[in-house]
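>>> sequence and predicted structure are below.
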Number of protein chains: 2
Amino acid sequence: MKSFVPVAALCAIVVVMFVLPGNLFSTSPVKPSAEMLKQLEAEFMKAAADKGSQGYMSYYADDSVEVPNNAPLILGKAEIAKGMDFLDDKNNRLTWTPVGADISSSGDLGYTYGNYEFRAKDKEGKPVVQYGKYTSIWKRQKDGSWKVVLDMGNASPEAK
Amino acid sequence: MKSFVPVAALCAIVVVMFVLPGNLFSTSPVKPSAEMLKQLEAEFMKAAADKGSQGYMSYYADDSVEVPNNAPLILGKAEIAKGMDFLDDKNNRLTWTPVGADISSSGDLGYTYGNYEFRAKDKEGKPVVQYGKYTSIWKRQKDGSWKVVLDMGNASPEAK
């Protein structure tokens, strides 16, 4: 039993030095990776589903840029938010699925791209679906949080 | 006159130590910056104007992704190149202007976004113009060159 004590002590030191600081003291405990960005995107989508436009916009940086299809560039979170009310209509549901992602070696800039579906109801209350694609560029902020700095969408052919 | 000699010597040392190595010995003499990406984009456009699809595709990474409007995702340079023949038609001219750009602190991943114009001729030979927006994501390659890893386009309203 005695021979295990140094090992246990060593383990304790390792935990204190390397594991705890990552969880207790860092503003971003998860190591930045492409996989982390996909995870973040799932949380982003949940925020939009649960809290509508407010939840959606909480993932945007103040100096973010929206590149909407069939409309001009929109610069800044405050301007982008003005066009996101449609997410507060319970008949509307925006969901998206990343296909790929990558991140810089410094772990402070990355992107995801993939497909989205927008489910709504037409004037007669009949369900309609629009299919599209997106690219989101994510940047680590000064407080350690990750925010969308650019979001772009375009149209996909109808699913068959 | 004599008093200028040390200054001249100092200038020579500065040139040898800091300026020359950047130009002679580095694979990427220009310090990575958002401004550098805009510059690169001007060269990219010139390559497309001078050499058509071959010039255009020479700025794409092998594992690049195209996110075209009204069409599905295209994965890989070889697949993307198959749809770029239209740039070899002298009636067609694709030009673009970056509005903004940013780069990671590690200087290995960045992006540009902006507006594009596509000038072509219709069946009667009459000039037509399509307006759109784009986002290009650039990644520094292992050989030090910068290549597009993702390009996305969508439509803009007609210019007024």
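Happy to help now that I have it. Residues are numbered from 1 along each chain as shown, chains lettered A, B, ... in the order given.
>>> quick one: residue A:61 is in a strand?
Yes. Assessed with DSSP: H, G, I helix; E, B strand; the rest coil, residue A:61 lies in a strand.
>>> count of neighbours near it?
By other Cβ atoms under 10 Å in any protein chain shown, 18 other residues sit near residue A:61. Glycine gets a C-beta too; all of them are placed from N, C-alpha and C.
>>> that one contacts residue A:77, doesn't it?
Yes. If you go by Cβ atoms under 8 Å, residue A:61 and residue A:77 touch, sitting 6.6 Å apart.
>>> residue ranges with poor pLDDT in chain A?
Residue ranges of chain A with pLDDT under 70: A:1-29, A:159-160.
>>> quick one: the helices in it?
Assigned by DSSP state H, the helices in chain A fall at A:4-14, A:20, A:34-57, A:77-81.
>>> those into JSON lines, with extra columns for mean neighbour count and distance to residue B:158?
Below are those laid out as JSON lines (neighbours: other Cβ atoms under 10 Å in any protein chain shown; distance: least, Cβ to Cβ, whole Å):
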{"stretch": "helix A:4-14", "mean neighbour count": "10", "distance to residue B:158": "64"}
{"stretch": "helix A:20", "mean neighbour count": "11", "distance to residue B:158": "59"}
{"stretch": "helix A:34-57", "mean neighbour count": "17", "distance to residue B:158": "29"}
{"stretch": "helix A:77-81", "mean neighbour count": "16", "distance to residue B:158": "22"}
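>>> against residue B:121, how distant is the residue nearest to residue A:80 when sequence neighbours are not counted?
Nearest residue to residue A:80 in three dimensions, chain neighbours excluded: residue A:66, at 4.6 Å (Cβ to Cβ, 6 or more residues apart in numbering or on different chains). To residue B:121, residue A:66 is 33 Å away according to Cβ to Cβ, to the nearest Å.
>>> what's near enough to touch the closest residue to residue A:46 other than its chain neighbours?
Taking Cβ to Cβ, 6+ apart, and ignoring the residues beside it in sequence, residue A:46 has residue A:55 as its nearest neighbour in space, at 7.9 Å. Applying Cβ atoms under 8 Å, 6 or more residues apart in numbering or on different chains, we find residue A:55 in contact with A:46-49.
>>> repeat the analysis, applying 10 Å as the threshold.
A:43-49, A:87-88 (Cβ atoms under 10 Å, 6 or more residues apart in numbering or on different chains).
>>> try residue A:78
A:57, A:60, A:62, A:64.
>>> can you pull out the strands in chain A?
A:60-67, A:74-75, A:93-103, A:109-121, A:127-140, A:146-155 (DSSP state E).
>>> can I see the domain layout of chain A?
A:1-30, A:32-155 (automatic domain parsing).
>>> gap between residue A:72 and residue B:141?
From residue A:72 to residue B:141 the distance is 33 Å (Cβ to Cβ).
>>> so what's the residue count around residue A:138?
For residue A:138, using other Cβ under 10 Å, the count is 26.
>>> residue nearest the centroid of chain A?
residue A:41 (3.1 Å; Cα atoms, centre = their mean).
>>> wait, isn't that residue in contact with residue A:114?
Yes. With contact defined as Cβ atoms under 10 Å, residue A:41 reaches residue A:114; the gap is 8.2 Å.
>>> mutual contacts of those two, please.
With Cβ under 10 Å, 6+ apart, residue A:41 and residue A:114 have common neighbours A:96-98, A:101, A:134, A:136.
>>> and these, which is closest to chain B?
residue A:134 (8.0 Å; Cβ to the nearest Cβ).
>>> which ones are touching residue A:139?
Residue A:139 touches A:61, A:63-64, A:104, A:108-111, A:145-150, B:102, B:104, B:111, counting by Cβ under 10 Å, 6+ apart.
>>> how far out from the middle of the chain is stretch A:129-138?
Centroid separation between stretch A:129-138 and its chain, computed with Cα atoms, centre = their mean, to the nearest Å, is 12 Å.
>>> ok, now stretch A:84-103?
10 Å.
>>> quick check: end-to-end length of that stretch?
End-to-end distance for stretch A:84-103: 27 Å, by Cα to Cα, to the nearest Å.
>>> would you mark the buried spots in stretch A:93-105?
Of the residues in stretch A:93-105, A:94, A:96, A:98, A:100-104 count as buried by neighbour count, 16 or more other Cβ atoms under 10 Å in any protein chain shown.
>>> and chain B, which of the residues you listed contact it?
Residues of these in contact with chain B (Cβ under 10 Å from any Cβ of the partner chain): A:100, A:102-104.
>>> pick out whichever of those sits closest to chain B.
Looking across these and measuring by Cβ to the nearest Cβ, the closest to chain B is residue A:104, at 3.3 Å.
>>> hmm, residue B:104 and that closest one touching each other?
Yes. With contacts counted by Cβ under 10 Å, residue A:104 reaches residue B:104, the gap being 3.3 Å.
>>> list residues touching both of those two?
Joint contacts of residue A:104 and residue B:104 (Cβ under 10 Å, 6+ apart) are A:110, A:139-140, B:110, B:139-140.
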